[in-house]
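> I would like the atomic coordinates for the input below:
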Amino acid sequence: MIWMTLGFALACYAVLGNDSIQTIGTFLSSNSKKSWYIVWAYLSFILVSVLVYSWFTYNGDVSYGRLSTIPVTTVEWWHTLPMFALLLLTRLGIPLSTTFMALSIFTGGSVILEKIITKSLIGYGVAFASTFVIWSVLSYFEKQALNSSKNETINNNKHSLFWTLAQWGSTGFLWSQWLIQDLANIYVYAPRDLPLWMLVVSVLFLVSLLGLLVREKGGKIQEIILVKTNTLNIRSATFIDFFYGMTLFIFKSVNNLPMSTTWVFLGTLAGRELILTLKLKHREKNLMFKDIGADLGKASLGLVLSVLIAVSMRYFFLKT
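Numbering: from 1, shown residues only. Below you'll find the model as predicted:
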């Protein structure tokens, strides 16, 4: 019980502090002038709704069936080590995949892990290609926004109410899809048929951590978003959130196998950044490729580290 509680707590902090910025990072940036507790209340409402719905629908399973392929096992002290590593690397601003870090040690073999990695890499490719095509059209709106006021919101123009509602809607959709995918990374440390008291305690803990994250405006990982083109503009943030959410929705519909949302997120930003650079010529190509390469390199490093940690632990502790 002690190691399960510690592992769950560390997973909550690591997943919200690392992966959630992919989802709400643009939202936090473009709403930085709004009261943080209003943003917190909105995101918390969606979080609680997603958890409670899954708990009722899947008979106590709050992962939407994502953990059905992951064997149930007794949590030992060494199961918490990947979360410690993730917390450390998160503070350094490295966009690691919590899916690989959290689930690889529980997969029970290389076959499931290989499927998770394959699905995640395909997710990167699909996100990259689709956003490249989509933003070849949307670049017209991006050009208008850049000419108006680069990296600022449009709250002062006549479309402010429409775009505010649109962004909050697209963020809510994306946030729900991300939660459906990544809740498995947290609740892998908990029983599959979660008791009601444990659901209540875990929800309160998650909501509290979410409030801390919103108040800190994202933390170190937020820098990955801030350096991208025009992500503070509310229209750009709306489009990014919507199409990222649609990608997650499509992959969620394919099967219940978990996947890394980090790779989908980076693919979304990379495809968008490439086409905007080619069409708008607002930045040098070598800087753009360096930026995309750096993000991909960090994610690849996280993947390698995750696999090495999983393999090492299985060898030393399980002898498999």
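
> pLDDT weak spots in the chain?
Residues of the chain meeting the criterion pLDDT under 70: 18-19, 90-97, 107-110, 140-159, 217-232, 282-283, 310, 314-315, 317-320.

> how about the helices in it?
2-18, 20-30, 36-57, 81-91, 98-103, 110-149, 160-187, 196-215, 223-226, 234-254, 261-280, 285-313 (DSSP state H).

> most packed of those?
Using mean count of other C-beta atoms under 10 Å, the stretch among the helices of the chain with the largest mean neighbour count is helix 98-103, at a mean of 28. For every residue, glycine as well, the C-beta is placed using N, CA and C.

> so how far is that one off the chain centroid?
Relative to the centre of its chain, helix 98-103 is centred 12 Å away, using C-alpha atoms, centre = their mean, to the nearest Å.

> one step back: which stretch among the helices of the chain comes nearest Leu67?
Leu67 lies closest to helix 160-187 among the helices of the chain, at 5.2 Å (C-beta to C-beta).

> Run the angle between that closest one and helix 234-254 for me.
40 degrees (axes from the mean of the first three to the mean of the last three C-alpha atoms, to 10 degrees).

> So which elements touch helix 160-187?
helix 2-18, helix 20-30, helix 36-57, helix 98-103, helix 234-254, helix 261-280 (3 or more C-beta pairs under 8 Å, 6 or more residues apart in numbering; DSSP states H and E).

> Contacts for the first one next, please.
In this case it means helix 2-18. Here helix 2-18 makes contact (C-beta atoms under 8 Å, 6 or more residues apart in numbering) with 75-77, 79-80, 83-84, 86-87, 90, 95-96, 98, 101-102, 182, 185-190, 202, 205-206, 209-210, 213, 219, 221, 262.

> Can you give me the separation between the closest residue to Phe84 other than its chain neighbours and Leu206?
Among residues not flanking Phe84 along the chain, Leu10 sits closest, at 6.7 Å (C-beta to C-beta, 6 or more residues apart in numbering). Distance, Leu10 to Leu206, using C-beta to C-beta, to the nearest Å: 13 Å.

> coming back round to it: out of the helices of the chain, which gets nearest to Ile70?
Distance to Ile70, taken as C-beta to C-beta, is lowest for helix 98-103 among these, at 6.3 Å.

> what are the C-alpha coordinates of that closest one, in PDB please?
Listed next in PDB are the C-alpha coordinates belonging to helix 98-103 (Å, rounded to 0.1, in the frame of the first residue of the first chain):
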ATOM      1  CA  THR A  98       5.300   9.500 -19.300                       C
ATOM      2  CA  THR A  99       3.700   6.700 -21.200                       C
ATOM      3  CA  PHE A 100       7.000   5.000 -21.800                       C
ATOM      4  CA  MET A 101       8.400   5.900 -18.300                       C
ATOM      5  CA  ALA A 102       5.300   4.900 -16.400                       C
ATOM      6  CA  LEU A 103       4.000   1.800 -18.300                       C
END
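
> List the contacts of it.
Here helix 98-103 makes contact (C-beta under 8 Å, 6+ apart) with 11, 14-15, 18-19, 70, 82-83, 85-86, 113, 116-117, 120, 182, 184-186, 188, 258-262, 302-303, 305-307, 309-310.

> Quick check: the residue nearest to Asn185 when sequence neighbours are not counted vs Met83, distance?
Leaving aside its chain neighbours, Asn185 sits nearest to Ala102 (4.0 Å; criterion: C-beta to C-beta, 6+ apart). Applying C-beta to C-beta, the value for Ala102 to Met83 is 7 Å.

> again with Phe289
For Phe289, the distance to Met83 - C-beta to C-beta - is 33 Å.

> Ok, Lys279 next?
Separation of Lys279 from Met83 (C-beta to C-beta) stands at 42 Å.

> what's around Ile105, how many residues?
28 (other C-beta atoms under 10 Å).

> Touching, it and His79? I think so.
Yes - under the criterion of C-beta atoms under 8 Å, Ile105 makes contact with His79 at 5.9 Å.

> Quick check: buried residues in stretch 62-75?
Val62, Ser63, Tyr64, Gly65, Arg66, Leu67, Thr69, Ile70, Val75 (16 or more other C-beta atoms under 10 Å).

> show me the contacts for the third one.
Read it as Tyr64. Ser54, Tyr58, Ile180, Leu183, Ala184, Lys252, Asn256 are the contacts of Tyr64 under C-beta under 8 Å, 6+ apart.

> With distance to Val133 as extra columns, can I get the residues you listed in JSON lines?
Shown next, in JSON lines, are those (distance: C-beta to C-beta, whole Å):
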{"residue": "Ser54", "distance to Val133": "33"}
{"residue": "Tyr58", "distance to Val133": "35"}
{"residue": "Ile180", "distance to Val133": "25"}
{"residue": "Leu183", "distance to Val133": "30"}
{"residue": "Ala184", "distance to Val133": "30"}
{"residue": "Lys252", "distance to Val133": "21"}
{"residue": "Asn256", "distance to Val133": "28"}
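
> Good, we can wrap up now.
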